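>>> Could you look at this predicted model? Sequence included:
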Number of protein chains: 2
Amino acid sequence: MQEPTLLLLTALSDQPRHGYGIVQEVLAISGGRVKLRTGTLYAALQRLVDEGLIEVHHEEIVDGRARRSYALTGGGRVRLAAEAERLEATAREARRRLSLADRSGFGPAPKGATA
Amino acid sequence: MQEPTLLLLTALSDQPRHGYGIVQEVLAISGGRVKLRTGTLYAALQRLVDEGLIEVHHEEIVDGRARRSYALTGGGRVRLAAEAERLEATAREARRRLSLADRSGFGPAPKGATA
DNA sequence: CACTATATGACGATCATCGGCATATGGAGG
DNA sequence: CCTCCATATGCCGATGATCGTCATATAGTG
C-alpha cells in the first residue's frame, strides 16, 4: 500500500468524509505535503470499496450528480492499524541502523568524527 | 519512495552489500515479508546511483561478469533518516485517530463496546 | 540428474499515481 | 459583467516503480 492510499484511509479513520473533504484532510494530515489528485482519489476510492476497506456511508443525487461520503469498514480499520504497525517497525529499524553506523564509524560521519 | 526502495536503503545503512546480499537482508529486515525481485533490485540500484543516494563501493570482474557492492552516500543517509521520520509521523497519526474513533464510538467497536 | 543457493542482469506486463481536462454551482473581487 | 477561486465529482492518457519471468553461470546437496 502506498502513501496516498494510506493517508486516504487515515483521513476516514475518525469520521466519514466525501471525496473533496478527503483531499483537504490528507493535505492537513501530511502538513501540506500530499495533495491527492482527483484521478488518484476516485480511482483509489473505487479500488478500496472493491477491496472492502471502505464503504459508501451516505449517497444522494444533487442535480443529477452523485454526492457520496465514505467510511472505513471494520476490515479497513484492521488494515490501517496493521499498516501503521508495519510502517513504524520499518522506520525503527532504519533509525536503529543509522545510529549504529554512526557509532561504528561506517558512513559519512555526520560532523567532525574520529576519521 | 516505495517500501522496497526504502528497505533497500535500510539494508545498506549499516554496511556495503552486493545485490544478492541486499535481497537477503531486506528479507530479514522485513521478517520474510518482502522478497525483492531482481528486476526491482537492479532497476532500483541504477536509479538510486543516478539520484546519488547510493554509490558503487567496490567493483571487480569475475569471469567477465561484474561483481559490485553498493554503499549509502551521505545524501542517502540523510534521505533515509527523513523517510523514517515521515513514516513514523504518518503511523502515529493513523494510530491516534484509530484510538480516538474507538473512544468516541465511531467505527466497528473492536469488542463488546457501549453499542 | 534435479534442485537449491549464490550472483547479475534484461524484458514486458501490471498497477498506483500523476497531471490535465471536463462539468457544475456559488461567492468574492475587479 | 466577468473572471477567479472554492466546492465537488469523475475520466483519460502518461509516467514510473514494482512484478514476474527468462537468461546466464558456478557449486553443492539429495
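Right, received. Where do you want to start?
>>> Where does residue A:15 sit: helix, strand or coil?
Under DSSP: H, G, I helix; E, B strand; the rest coil, the three-state class of residue A:15 is coil.
>>> State the distance from it to chain B.
6 Å (CB to the nearest CB, to the nearest Å). In short, each C-beta sits where N, CA and C put it, glycine included.
>>> What is the neighbour count of that residue?
Per other CB atoms under 10 Å in any protein chain shown, the neighbour tally for residue A:15 reads 18.
>>> what sits against it?
A:71, B:101, B:106 (CB atoms under 8 Å, 6 or more residues apart in numbering or on different chains).
>>> State the distance from it to residue B:104.
9 Å (CB to CB, to the nearest Å).
>>> Then residue A:49?
Taking CB to CB, one finds residue A:49 at 24 Å from residue B:104.
>>> what about these two, which has more around it?
Between residue A:49 and residue B:104, residue A:49 has the larger neighbour count (other CB under 10 Å), namely 15 against 10.
>>> That one belongs to a helix, doesn't it?
Yes. According to three-state DSSP, residue A:49 belongs to a helix.
>>> So which elements touch the helix or strand hosting residue A:23?
Assigned by DSSP states H and E, residue A:23 belongs to helix A:19-29. If contacts are counted by 3 or more CB pairs under 8 Å, 6 or more residues apart in numbering or on different chains; DSSP states H and E, helix A:19-29 sits against helix A:3-11, helix A:38-51, strand A:65-72.
>>> Check whether it comes into contact with DNA strand D.
Yes. Under the criterion of CB under 7 Å from any atom of the strand, DNA strand D is reached by helix A:19-29 at A:19-21, A:24.
>>> hmm, that helix touching DNA strand C?
No. Looking at helix A:19-29 against DNA strand C by CB under 7 Å from any atom of the strand, there are no contacts, and the closest approach is 9.6 Å.
>>> so how far is that helix off the chain centroid?
11 Å (CA atoms, centre = their mean, to the nearest Å).
>>> go on, stretch A:36-46?
13 Å.
>>> Likewise for stretch A:67-75?
15 Å.
>>> Go through it and flag the buried ones.
If you call a residue buried by 16 or more other CB atoms under 10 Å in any protein chain shown, then stretch A:67-75 has these buried ones: A:69-73.
>>> low pLDDT regions in chain A?
For chain A, the stretches with pLDDT under 70 are A:105, A:107-115.
>>> Show me what from it comes close to DNA strand D.
Contact residues (CB under 7 Å from any atom of the strand) of chain A with DNA strand D: A:18-21, A:24, A:37-39, A:42-43, A:65-69.
>>> For chain A, what lies in contact range of chain B?
A:2-3, A:6-7, A:9-10, A:13-15, A:29-30, A:72-74, A:77, A:80-81, A:83-85, A:87-88, A:90-95, A:97-98, A:100-101, A:104, A:106-108 (CB under 8 Å from any CB of the partner chain).
>>> Quick one, which of the residues you listed are buried?
Applying 16+ other CB under 10 Å to the residues of chain A next to chain B flags A:3, A:6-7, A:9-10, A:13-15, A:29-30, A:72-73, A:77, A:80-81, A:83-84, A:87-88, A:90-91, A:93-95, A:97-98, A:101, A:106-108 as buried.
>>> quick one: contacts for residue A:8?
A:22, A:26, A:36, A:41, A:44-45, A:48.
>>> I misspoke; the intended subject was residue A:58.
Applying CB under 8 Å, 6+ apart to residue A:58 gives the contacts A:16, A:68-69.
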